[in-house]
Structures are given as C-alpha cells and as structure tokens.
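Asks: A structural model of the following input is requested.
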Amino acid sequence: MADRAPIIVWIRRDLRLSDHAALSEAAKSGRPVIPVFIRDALVDGLGTAPQWRLGLGVSHFAQSLSEKGSRLICRSGAPKAVLSELVAETGASAVWWMRAYDPDSVARDTEVKAALRDDGIEARSFAGHLMFEPWTVETKQGAFYKVYTPFWKAVRGRDVPEPLPAPGTLPTPEHWPESEDPARWDLGAGMRRGAAVVRPYVRLGEAAAQGRLGHFIAAIVAGYDDSRDQPGSDGTSNLSENLSLGEISPAQCWHAGRRAMEEGKPGAETFLKELVWREFAYHLMFHTPRLLTGNWREEWDAFPWNEDERKAEVKAWKQARTGIRFVDAGLREMYVTGRMHNRARMIVASYLTKHLMCHWRIGQKWFEDCLIDWDPASNAMGWQWSAGSGPDATPYFRVFNPVTQLDKFDKNRAYVGRWIAEEKSNPSDEALAYFDAIPERWGMTPEDAYPAPIVAADVGRKRALSAYESRDF
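Replies: Numbering: from 1, shown residues only. Below you'll find the model as predicted:
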C-alpha cells in the first residue's frame, strides 16, 4: 500500500544521523527507509583531496547506519536514472533529500525533482546545510545582502531551530536493493602516497565532529577572539572539515555557541559571526553563482593578473618554495594535514594575488584539489575577498605584508618551525612529512637549501599598488 511504501533518502553532503531532517521525518513516518548515496558526475568532478575525504566519509556513514540496523545503498550513475531504477526495484513512493545550494547541484536537483514528480513519486527537499535559507534573508528593498555586517545584523537575532536528535531506529524494507561497494570506487586514487600522510589528521564522522565541538566550547572558545589568529597554537574549532560534508550541522554549532555566549564566554559571539560568514558566502553563491567562476565585481575582468599557471613563480608557490616563510608554512600545512589555518590562508592568498599578481582562480583551483575541508562557497568567497574582486572584499590596496604578519601572529615562530624543515638540524616530524606528501616528481628533499624570496615582501607590495593605481577600470 502507498502509505507503507518505502521512502528513499538520498544522501549527499549530509553524512550524519542527528539533525538530519530528511532521515528524521522518514523515520517518524514508520515507513521503510532506504538511504542511498549516488556517485554521480559531481562526485567524479571533485578535486583529489575532497573526493578522497568524501569517500572516507561515505564509508564511515555506511557503518553508522549499519550500527542502527540500516544500510547505505551505493550506486553510480546519473541521479535521475539511478533513482528511477531504485523506485522501480523497491516500490518506493517518495524520494527525500537535504538541499544543496551550488549552481550545479541546484540544476541537478531541479531536474531530478521534476522527473520524479512526472512519474508520480513524491520528491521533497529539506533544509539543514544552512541555518537560514537564502531566499529568506532580504534587505528592506527585497534584495539580497552584499555586505557582511548588515547581513550579520539581520540574522543574529533570528531563531535557529533546535537540532533534531538522531532517529532511535530506521525502519527497514523487507528486501534491500543491491549496492555497489564504495571501497571499489577508489575515490582516493589520486592521493597516492599523500593519503598515508594526511589520514592521521582526518577526524572522521559525526562522533568526531561532536567531540571537536565539545572540546572547542569547553577549552578554546573563551579566548577565541585572540587564539583564532595564532596559527602556532590550537585556537580554532577545526570544524570546517566536518561542516563541509555535513558530519555536523551549522545549527548544532550555533546552539553550542549561543549557550557559550549566555554563559559569558567572551569569544563565543566571534565564533557565531564565523558561522554566519559561512552562511553569507552560501547566500552570495546562491544569488550570484558567478562567485564560483569569475570576478564577482566584473570590473576586475580588466585587471592585469597573470593567468599562466606554468610560470616559475606559480610553480614555486604551489611547491611551498616561495622563500616567504609564512606562505610556505601554510601551504605545507595543507599538504600534510589537508587543511590550513585561516590566518595562513589569507596570507597565502594575498601573496599569490597581490605580490605575485596571479589570478585568484589559480589559487582557488589549487585549493579545490588539496583541501579536505573544501567548500565551494567558502573557498570562492575567501579567494575573492583576498584578491579584492569579491563582495565585501579587502581593498586591493590593502596588501598583507607576510613578514610583519609573521612577527605579529607567530612571534615565537612555532608555526613556521612546525612546518619548514630546511636548514634545521632537528626538524619536526610534521615538517619532514611534507616531503613524503608531495609528488615525487618535484624532486625535493629536506637537505635542500631554503630558497630566497621569489618576490620580496616590499617589492611585491609596490608592484601590486602600482598596478592598482594605474588600473584601467
């Protein structure tokens, strides 16, 4: 009967059981629930590290479902065709999922929803990857916000629904459909030897994400105003990895931060502002998808950035051999851990786009390939903010000096000491791990001399300012 027909829950970047509206609603219905993950063109189009991390996350989530007495059915192909096949195989009368907001996912989901409804199947999407749906936050004129501070003021007092508990049980079908083995997909093939280096730094799954949040609120958030800018210490939440794949929801983070703020912990409001900065990036991506692919401020199309990735300066930047220690340390942290401290990201991005006068798209694409916490909106927003071409961006004439920034935020050189091995008698294991993570064809060893700056801080700043002042736009 239709009221007992299974519900397919299409899993995407929402690898958790708690605060998962689609799973919770399906479980509450009492009907059999069939969780499904589809390896589609968007999965295959991911960069090397994000695809590897997704593969780990999917396998871990499958185990979590198994512990609940359920399963994750894995299939490959175009979602419209795969879901139609599963509906026919299982007799399901509904397909539910959590919303995505990037333009490719929106186009895919719109096509799938129309096809399912044409076939008489209920297609329903749920909120949860964001706290505030992009079409619900508007200026008094009915437009979307283009500047962060007014956006923050508009949402800071809004109610965010309390996170949902994980379902106690997930009703199962009488017969499970066939599933592919996600391990055979080999989503981590491109990582090669780097996988063994990065893997110990991965905090995989929902329980690890909740542990990170709990540690942050208990031990770090009170001093977060200052500690978040100190890359040599454990002063951030480190939750970007888990948020990117939905192993924890932003609402769960928000409510933990709100409780900390009510308890008088001084850094809690700054943490909430960082969560809303993520929301702001998603809202801008939703309303202006060009954020992902071109200059958000279109007048920057005329700026004389280098777009040739074969240049020696670009190669040195990618290899973390610029001779600028803050820049190189940040990139090496990324190769070893799959992540990079946010202060270092700003310095690394500013140096590429301003000191080296290279297009931000070069850096954006490199991060897309190397970060396990890659997020389409946050990555694009961060690069355009640093370059000066984005909404609410740092002015182009504000050029971070990577030398004075190091003196300010890494006074005792704990950060660069942790990640740079050359010319040290006893380098750290993490600094040496960089040479195990990078491609062998780079031919680099810890015995190499550390390079002189490819572009000195003062020289690069003058060149950037000259280009800005003489711009023809």
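Asks: per-residue confidence at the residue nearest in space to the middle of the chain?
Replies: Compute the mean C-alpha point of the chain, and by Cα atoms, centre = their mean the closest residue is residue 375, 2.7 Å away. Residue 375 carries a pLDDT value of 97.
Asks: ok, and the closest non-adjacent residue to it?
Replies: Once flanking residues are discounted, residue 375 sits nearest to residue 244: 4.6 Å by Cβ to Cβ, 6 or more residues apart in numbering. For the C-beta atoms, the positions are set from N, CA and C on the backbone; glycine is no exception.
Asks: wait, isn't the one you found in contact with residue 376?
Replies: No: counting by Cβ atoms under 8 Å, residue 244 stays clear of residue 376, with 9.2 Å between them.
Asks: need the longest strand for the chain.
Replies: strand 33-39 (DSSP state E).
Asks: and that one, what does it pack onto?
Replies: For strand 33-39, the packing partners by 3 or more Cβ pairs under 8 Å, 6 or more residues apart in numbering; DSSP states H and E come out as strand 7-11, helix 21-29, helix 48-67, strand 73-76, helix 79-90, helix 182-185.
Asks: let me know the next secondary structure element after that strand.
Replies: Downstream of strand 33-39, the first helix or strand assigned by DSSP states H and E is helix 41-44.
Asks: how about residues contacting that next one?
Replies: Helix 41-44 has contacts (Cβ atoms under 8 Å, 6 or more residues apart in numbering) with 51, 54, 78, 104, 105, 108, 187.
Asks: also stretch 425-437?
Replies: 193-194, 196-198, 320, 332, 335-336, 417-421, 424, 444-446.
Asks: where in the stretch 1-150 of the chain is pLDDT low?
Replies: 1-2 (pLDDT under 70).
Asks: got the helices and strands packed on strand 33-39 as JSON lines, with distance to residue 387 and mean neighbour count columns?
Replies: Shown next, in JSON lines, are these (distance: least, Cβ to Cβ, whole Å; neighbours: other Cβ atoms under 10 Å):
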{"stretch": "strand 7-11", "distance to residue 387": "35", "mean neighbour count": "26"}
{"stretch": "helix 21-29", "distance to residue 387": "36", "mean neighbour count": "20"}
{"stretch": "helix 48-67", "distance to residue 387": "22", "mean neighbour count": "21"}
{"stretch": "strand 73-76", "distance to residue 387": "37", "mean neighbour count": "20"}
{"stretch": "helix 79-90", "distance to residue 387": "34", "mean neighbour count": "18"}
{"stretch": "helix 182-185", "distance to residue 387": "35", "mean neighbour count": "15"}
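Asks: for residue 328, find the nearest of those.
Replies: helix 48-67 (18.8 Å; Cβ to Cβ).
Asks: and that closest one with helix 21-29, angle?
Replies: Using axes from the mean of the first three to the mean of the last three Cα atoms, to 10 degrees, the direction of helix 48-67 lies 10 degrees away from that of helix 21-29.
Asks: which elements pack onto helix 48-67?
Replies: strand 33-39, helix 41-44, helix 182-185, helix 194-198, helix 205-215, helix 360-370.
Asks: give me every residue that touches residue 155.
Replies: Contacts of residue 155 (Cβ under 8 Å, 6+ apart): 131, 132, 137, 276, 279.
Asks: and the last one, what element?
Replies: Residue 279 is located in helix 268-287, with elements delineated by DSSP H and E.
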